[in-house]
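>>> For reference, the sequence and a predicted model appear below.
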Amino acid sequence: MSEPTRRTQAADVENAAPRTVLLTGAAGAVGTMLRAELPGYGYRLRLFDRTPITAEPGAITADLADTEELTAAARGVDAIVHLAGIPGEAPFADILTVNINGTHQLYEAARAAGVRRVVFASSNHAVGFTERPADGGPLRVDTPRRPDTYYGLSKCFGEDLAALYADRHGIETVSLRIGSCYPEPFTVRHLATWLSPADCGRLVHASLTAELPHPGHVAVHGISANTRAWWDLAPGRAIGYHPQDDAEPFAAALLAKYGEPDEDDPEFHYVGGDFTQ
């Protein structure tokens, strides 16, 4: 790539991307990846997590239930990437407090602060009890939701809440139905569901900068360009997400270690895998 082209692309990013982004759940696994990936797209990150991030001066240590701290954190940012929450199954009371009420508090903070764009970390577990298509084709993002856990239910709530705040308050949201976001795949299932750290950065950047159709809420699948992908990537490409990684280079080693998948095993039969058990 020529130097003028590089400068043009850098200028495009500078002009198109919101400058300051509140990143909730910044101490978590995906949050840590995005702390490394997003600054390369020109973002200044304001970090928020109930776990202290001692290596990052200025990081906000607070809980989503602390409405005063959360509202202050949202003030003056251009967008919010909302990752904070319990990242797996838990008793309903805990899911209600953190994932459901916490997400509502987040949207209220965005509304009060005048933030117009949110990227919400949803999950494939919002449709976890969906059986994989018998013809092996990719699952569409508009498949009816069938959560596999209280955790998955909280992601359904978050998507519906995002739609409500789009219609009622004009806050645009991209809900990311994230598959398996790790540095590299380490199970056979991940050959279909993997989202690489670099593609995670590409996906969030696209979600922050895309022009969304009215009413301003869309859901997209959060996976890399996996040869064995179960989910349709067209909605992501429609908002400018162009994944570049593929889990296939890891396939030979994983299949040699674990064997070919049994399609009747819930791990492979259902979208949500063993969450359905």
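Ah, there it is. Please read these numbers as outputs of a predicted model, since none were measured by experiment.
>>> so who does the residue most central in space within the chain touch?
The structure's the chain has its C-alpha centroid closest to residue 121; by C-alpha atoms, centre = their mean the separation is 3.4 Å. Residues in contact with residue 121 (C-beta atoms under 8 Å, 6 or more residues apart in numbering) are 25, 30, 81, 82, 83, 85, 176, 178. Quick note: C-beta positions are derived from backbone N, CA and C, even for glycine.
>>> What are the boundaries of the strands in the chain?
In the chain, the strands defined using DSSP state E lie at 20-24, 44-49, 60-61, 79-82, 117-123, 172-178, 180-181, 194-195, 217-222.
>>> now these in a markdown table, with mean pLDDT?
Below are those laid out as a markdown table (pLDDT from 0 to 100):
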| stretch | mean pLDDT |
| --- | --- |
| strand 20-24 | 98 |
| strand 44-49 | 98 |
| strand 60-61 | 98 |
| strand 79-82 | 98 |
| strand 117-123 | 98 |
| strand 172-178 | 98 |
| strand 180-181 | 98 |
| strand 194-195 | 98 |
| strand 217-222 | 97 |
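>>> Can you give the distance from stretch 257-264 to the centre of its chain?
Offset of stretch 257-264 from its chain centre (C-alpha atoms, centre = their mean, to the nearest Å): 27 Å.
>>> picking that back up, which one of the strands of the chain lies closest to residue 237?
Of all the strands of the chain, the one in closest proximity to residue 237, counting by C-beta to C-beta, is strand 217-222 (8.8 Å).
>>> now for that closest one, which elements pack on it?
On a contact count with 3 or more C-beta pairs under 8 Å, 6 or more residues apart in numbering; DSSP states H and E, strand 217-222 meets helix 150-169, strand 172-178, helix 197-209, helix 234-238.
>>> wait, doesn't residue 46 sit right on residue 23?
Yes: counting by C-beta atoms under 8 Å, residue 46 does reach residue 23; the two are 6.9 Å apart.
>>> the more surrounded of these two?
residue 23 (29 against 20; other C-beta atoms under 10 Å).
>>> just to revisit the earlier point, which of the helices and strands packed on strand 217-222 sits closest to residue 104?
Between the helices and strands packed on strand 217-222, helix 150-169 lies closest to residue 104; by C-beta to C-beta that is 6.4 Å.
>>> by contact count, what packs against that closest one?
Partner elements for helix 150-169 (3+ C-beta pairs under 8 Å, 6+ apart): helix 92-95, helix 101-113, strand 117-123, strand 172-178, strand 217-222.
>>> Next, count neighbours for residue 56.
14.
>>> what residues are up against the closest residue to residue 165 other than its chain neighbours?
Spatial nearest neighbour of residue 165, excluding adjacent residues (C-beta to C-beta, 6 or more residues apart in numbering): residue 171 at 4.4 Å. Going by C-beta under 8 Å, 6+ apart, residue 171 touches 107, 110, 111, 115, 116, 117, 118, 162, 165, 216.
>>> Surely the fourth one touches residue 73?
No: taking contact to mean C-beta under 8 Å, the distance of 10.6 Å between residue 115 and residue 73 leaves them out of contact.
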